[in-house]
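Novice: Mind folding the following:
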Amino acid sequence: MESVLKKVEELALLHDRIDPKIVKEKNIKLGLRNEDGSGVFVGITSKGQVIGYEKIITGDGGEKLHPVPGKLYYCGYDVEDLIKGKEKEKRFGFEETIYLLLTGELPAKEDLKSFSKELGKRRALPDEAKELILNRPEHDDQMCSLHTIVSAMHLFDKNPNSTDLRDVTRQCLDLAARFPTIIAYNYRKNLMKKNDYKKLLDPDPDLGTAENFLYLLSGKVPDGFTAELFDTMLIFHAEHGGGNNSTFTTRCVSSSGANTYMAICAGIGSLSGHLHGGANEAVVKMIDDIKRNVTDWKSDEEVKSYLIKLLEKKAGDKSGKIYGLGHAVYTLSDPRAVFLEVRGAELAKMCGREKEFSLYRRIAKIAPQLVKDKKGKVVCTNVDFYSGFVYQCMGIPKELFTPIFAMARVAGWSAHRIEEIIQGRIIRPSYFSSLKGMRSYIPLSKR
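Specialist: As a prediction, the model looks like this:
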């Protein structure tokens, strides 16, 4: 077996490596990115818009990207305004965000009340789904567990393969409502020595998404500050434009006519990749490493020295990365990170972790200039830099960081799926062949 695997690996490496000359010569958009780093336009969406730079005309008539403070819009509304609005009115806002993404409009008061009530009614899982969770094989990969159970949800749908808009909308609402329940139950299952239905609390239909999840996880209704901040985190992660990997994957699968469960599972699969959904967990591991190896957390020089070692692949996981830094679109700032830096400081004070959070801020101050000096790139801290710390302060285990991302992003995935079905054209880009020419078949006896 090992010899076969080794042979396959060697041949794959021989034939699948990319020749940089061909990439440049044919102007191939690897990763669907232009040479200047901007994304290739492959579709149209009204759902999310991410802004981190603007194009300016140069003296010779060309164009170049100019970094600007980051902005995030949902259906044309500034997400910062959505957060300020719900904070001012002292209410939760994630349900409003789901409604906005699905419909393109902010709900009237009665519409929001009805919509939230409808989500509340849909949160509970069928007993058969609970059995699937309790009787699945033992493993601790929470994203794989989520994928398994979401895939199984088609078993409880009388018309799972329908792409009629009403059926798709119903399915998307079911999944948006049930994701928190599935994620909480999957985690609770891992804590059980013996399967016990009584340890799986029923969702409270009178609680919103944020409160319900924290209640199902811990058995206690959370305090107002924690629930409100967690609600904000869900809003921040709900959508990020059609080009982020998991949303684009969901759109690709949706464009083929696949059912809702398959399309959303494709998004989950994409998000499970460490280059997309796992960054906040990587940040926490990196900070733990820095805390062990930097003696004086208040010393700019000592922190800077260790960050240089990380960039030079001489420390940490030897990847050459400072996790939580940089983004495909944001340059000068990520608006979600700007918010979390302020709220994270408040949370750190409440939890007695101010010294640790000061280290986060020191890294955030020093690291962008180091990256610019070494790689010539303008980068900023992104939402993942602070989100893991915030979740930790809430008592949320790191195994759930990425599933929580999915819990929020299913709103965006659903909105883009509906949009893709309405637009109705299968996604089919082209790939340039790396072969030098065609080859003549050789009979097996002569190879």
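Novice: okay but residue 280 is in contact with residue 401, surely?
Specialist: Yes. Residue 280 is within contact range of residue 401, at 5.0 Å (criterion: C-beta atoms under 8 Å). Where you see a C-beta, it was placed from the backbone N, CA and C, and this is true even at glycine.
Novice: So between the two, which is more surrounded?
Specialist: Neighbour count, other C-beta atoms under 10 Å: between residue 280 and residue 401, residue 280 has more, with 26 against 23.
Novice: how is this structure carved up into domains?
Specialist: The record's domain parsing of the chain by automatic domain parsing lists 2-71, 80-275+399-423, 279-393.
Novice: Averaged pLDDT, the first one. What do you get?
Specialist: For domain 2-71, mean pLDDT rounds to 83.
Novice: Buried residues, the lengthiest strand in the chain. List them.
Specialist: Secondary structure of the chain per DSSP state E: the longest strand is strand 63-74. For strand 63-74, burial by neighbour count (16 or more other C-beta atoms under 10 Å) applies to 65, 67, 70-74.
Novice: could the residues you listed be laid out in a markdown table, adding distance to residue 260?
Specialist: Formatted as a markdown table, these follow (distance: C-beta to C-beta, whole Å):
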| residue | distance to residue 260 |
| --- | --- |
| 65 | 37 |
| 67 | 38 |
| 70 | 31 |
| 71 | 31 |
| 72 | 26 |
| 73 | 26 |
| 74 | 21 |
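Novice: Which single helix of this structure contains the most residues?
Specialist: Ordering each helix of the chain by length in residues (DSSP state H) puts helix 165-191 first.
Novice: Compute the distance from the centre of it to the centre of its chain.
Specialist: Distance, stretch centre to chain centre, for helix 165-191: 17 Å (C-alpha atoms, centre = their mean, to the nearest Å).
Novice: buried set for the following helix or strand past that helix?
Specialist: Following helix 165-191 in sequence order, the next helix or strand is helix 209-218 (DSSP states H and E). For helix 209-218, a neighbour-count test (16+ other C-beta under 10 Å) marks 209-217 as buried.
Novice: need those residues in TSV with distance to residue 89 and pLDDT, can you?
Specialist: Output for those, formatted as TSV (distance: C-beta to C-beta, whole Å; pLDDT from 0 to 100):
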residue	distance to residue 89	pLDDT
209	17	98
210	15	98
211	17	97
212	20	97
213	22	98
214	21	97
215	22	97
216	26	96
217	26	95
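Novice: Return the residues in contact with the closest residue to residue 153 other than its chain neighbours.
Specialist: Closest residue in space to residue 153, ignoring its immediate chain neighbours: residue 261 at 5.7 Å, by C-beta to C-beta, 6 or more residues apart in numbering. By C-beta atoms under 8 Å, 6 or more residues apart in numbering, residue 261 lies in contact with 150-151, 153-154, 157, 160, 171, 175.
Novice: Okay, strands next: where are they in the stretch 1-150 of the chain?
Specialist: With DSSP state E, counting those that start in this stretch, the ranges of strands along the stretch 1-150 of the chain come out as 48-57, 63-74, 77-78.
Novice: Kindly state which of those strands is positioned closest to residue 202.
Specialist: strand 63-74 (31.0 Å; C-beta to C-beta).
Novice: Counting neighbours, what do you get for residue 35?
Specialist: Residue 35: 10 neighbours (other C-beta under 10 Å).
Novice: now do residue 430
Specialist: 5.
Novice: can you tell me how far it sits from residue 28?
Specialist: 10 Å (C-beta to C-beta, to the nearest Å).
Novice: Also residue 366?
Specialist: Applying C-beta to C-beta to residue 366 and residue 28 gives a distance of 36 Å.
Novice: Repeat that for residue 54.
Specialist: 26 Å.
Novice: So which of those two has more stuff around it?
Specialist: Neighbour count, other C-beta under 10 Å: between residue 54 and residue 28, residue 28 has more, with 13 against 10.
Novice: and that one, what does it touch?
Specialist: Counting by C-beta under 8 Å, 6+ apart, residue 28 has contacts 22, 432.
Novice: Start the count at 219 instead of 1 going forward.
Specialist: Noted, 219 is the first residue going forward, which turns the last one into residue 246.
Novice: hmm, back to that, pLDDT (mean, whole number) over the longest helix of the chain?
Specialist: Here the average pLDDT along helix 383-409 is 95.
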